[in-house]
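Visitor: Task: produce atomic coordinates for the following.
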Amino acid sequence: MKKIISIILCTVLALSLAACGGSGNENNSDIPLIGISQYGEHPSLDNCFKGFLLGLEEAGLKEGVDYNYIYQNAGFDDNIAVQIAQNFSAKNVDLMCGIATNSATACYAAAEDKNIPVIFNAITDPVEAKLDSGNVTGISDKLPIDAQLKLIRACQSDAKTIGIAYTTSEPNSVSAIAEYKEKAPEYGFEIVAVGVTSQAEVTQAIDSLIQKGVDCISNLTDNNVVGVLDTILDKTNEAGIPVYGSEIEQVKKGCIASAGIEYVELGKQTGRMAAKILKGEASCEDIPYETVTDFEVYINSAELQKLGITLPQDIVDTAIDICESK
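Guide: This next block holds a predicted model:
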């Protein structure tokens, strides 16, 4: 049944893409066409897309005059991500933007033969994803893991174990888990990691972490995990286990705190990169990929209060409380 649904979705996608026009395609428009592929729908990736368009605008490009774009969402389905990228290639788009690893790698594979430039966004480890050379560049959202571990220790002085659910096939998550395991002992933690192969397995992984008695859970920017964050929080709240996010949107949803980056700004950076390429000012090879190093500490004071966690005053003084900014 799942296979049949996937085939139907791919067919619908192909028909919808066939209806779009742009530069270098069957409509022979002179306006450059950007193909934007987003791996799935959740606030962080949505902010990347929003920021990408804002970055193009800030660079002086106007939609309908300097560029047109096709936006497609893969719904966290690798087959759909590949189909989207192949359709972009068939339409001879002038540039592809892949938001999240699976979409970016699919775009690069589909673009390589035609040498179409690819901009990636929200990828933790471009080297692990093999997106560090060729006609491709973008922005890495590498997690500030040291800052996150320091934050968890400040919030839970007696905690010993941190549970993490992650997708075993997502290079971002594999890389982050390795770094967590390497650095956790420096802060007196043990990492209890449970791998999943699909979004359907995530809630079972969380059940396993709860049963193992972890002191808290820390999320990665793992698309399968973040895609079911509401369900995760329902389970952890019932068990009284704090969950730390990896960026502001997860804290808004109910995670207690996060040392993380702001994804609209991440998107803007990639938009500015794309603008340089569309203007002919540079090629992807001229623009090395960048890693975001700036981060903020975000807290959800309402959720902290529910769990009876009192933060050190220095964190309260410097953190951004999402409850106060609503």
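Visitor: residues in contact with Tyr187?
Guide: 149-150, 152-153 (CB atoms under 8 Å, 6 or more residues apart in numbering). (Glycine included, C-beta is placed from N, CA and C.)
Visitor: can you rerun that using 7 Å?
Guide: Contact partners of Tyr187, counting by CB atoms under 7 Å, 6 or more residues apart in numbering, are 149-150, 153.
Visitor: where does the protein have its least confident helix or strand?
Guide: Least confident helix or strand of the chain, by mean pLDDT, DSSP states H and E, is helix 2-18 with a mean of 43.
Visitor: Quickly note the distance from Ile36 to Asp77.
Guide: Distance of Ile36 to Asp77, given as CB to CB, to the nearest Å: 17 Å.
Visitor: and what of Asn172?
Guide: 17 Å.
Visitor: Helices of the stretch 151-300 of the chain, residue ranges please.
Guide: Here the stretch 151-300 of the chain has its helices, by DSSP state H, counting those that start in this stretch, at 171-183, 202-211, 223-226, 229-239, 248-253, 263-278.
Visitor: actually the stretch 1-150 of the chain, not the one I typed
Guide: In the stretch 1-150 of the chain, the helices defined using DSSP H, counting those that start in this stretch lie at 2-18, 43-58, 78-90, 101-111, 145-155.
Visitor: For Val93, give its distance to Ile34.
Guide: 6 Å.
Visitor: neighbour count winner among Asn172 and Asp77?
Guide: Asn172 (27 against 21; other CB atoms under 10 Å).
Visitor: Let me know the pLDDT of the closest residue to the more buried one other than its chain neighbours.
Guide: Using CB to CB, 6 or more residues apart in numbering and skipping residues adjacent in sequence, the residue nearest Asn172 is Thr124, 3.6 Å away. Listed pLDDT for Thr124 reads 84.
Visitor: Quick one: residues contacting Thr124.
Guide: Counting by CB under 7 Å, 6+ apart, Thr124 touches 140-143, 172, 175-176, 221.
Visitor: Select from those residues the entry with the lowest predicted confidence.
Guide: For these, the least confident entry is Asn172, with 82.
Visitor: Please verify my assumption that it contacts Thr101.
Guide: Yes. Between Asn172 and Thr101 there is a contact under CB atoms under 7 Å: 5.4 Å.
Visitor: Mutual contacts of the two, please.
Guide: Jointly contacting Asn172 and Thr101 under the rule CB under 7 Å, 6+ apart are Ile123.
Visitor: Name the nearest residue to Pro144, ignoring sequence neighbours.
Guide: Of all residues not flanking Pro144 in the chain, Phe295 sits nearest, at 4.6 Å (CB to CB, 6+ apart).
Visitor: Relative to Asn68, how far out is the one you found?
Guide: Distance from Phe295 to Asn68, by CB to CB: 34 Å.
Visitor: got it, and Gly55?
Guide: In terms of CB to CB, Gly55 sits 16 Å off from Asn68.
Visitor: neighbour count winner among these two?
Guide: Gly55 (24 against 19).
Visitor: isn't that one right next to Leu266, touching?
Guide: No. Gly55 sits out of contact with Leu266 when judged by CB under 7 Å, with a separation of 9.5 Å.
Visitor: ok, Glu238 - how many residues close by?
Guide: Glu238: 9 neighbours (other CB under 10 Å).
Visitor: Give me the pLDDT for it.
Guide: Glu238 is given a pLDDT of 96.
Visitor: just the one 3 residues further on next, same as before
Guide: Here, the pLDDT recorded for Ile241 equals 97.
Visitor: List the residues that contact Glu303.
Guide: By CB under 7 Å, 6+ apart, the residues touching Glu303 are 254, 256.
Visitor: did I read that right, it in a strand?
Guide: No. Glu303 is assigned helix when assessed by DSSP: H, G, I helix; E, B strand; the rest coil, not a strand.
Visitor: Quick check: it vs Ile241, distance?
Guide: Using CB to CB, one gets 12 Å for the distance from Glu303 to Ile241.
Visitor: Ile191 now?
Guide: Ile191 is 15 Å from Ile241, by CB to CB.
Visitor: again, but for Phe88
Guide: Counting by CB to CB - Phe88 and Ile241 are separated by 42 Å.
Visitor: If we go by neighbour counts, what in stretch 138-153 is buried?
Guide: Neighbour-count burial for stretch 138-153, counted by 16 or more other CB atoms under 10 Å, picks out 138-145, 148-153.
Visitor: how many neighbours does the residue nearest to Ala302 when sequence neighbours are not counted have?
Guide: The shortest distance from Ala302 to any non-neighbouring residue, by CB to CB, 6+ apart, is to Cys323 (5.1 Å). The local packing of Cys323 (other CB under 10 Å) involves 14 other residues.
Visitor: mind checking the SS state of Cys323?
Guide: Of the three states, Cys323 takes coil according to three-state DSSP.
Visitor: For it, which residues are in contact?
Guide: Counting by CB under 7 Å, 6+ apart, Cys323 has contacts 300-302.
Visitor: Who wins on neighbours among those residues?
Guide: Counting neighbours by other CB under 10 Å, the top entry in the contacts of Cys323 is Asn300, with 22 neighbours.
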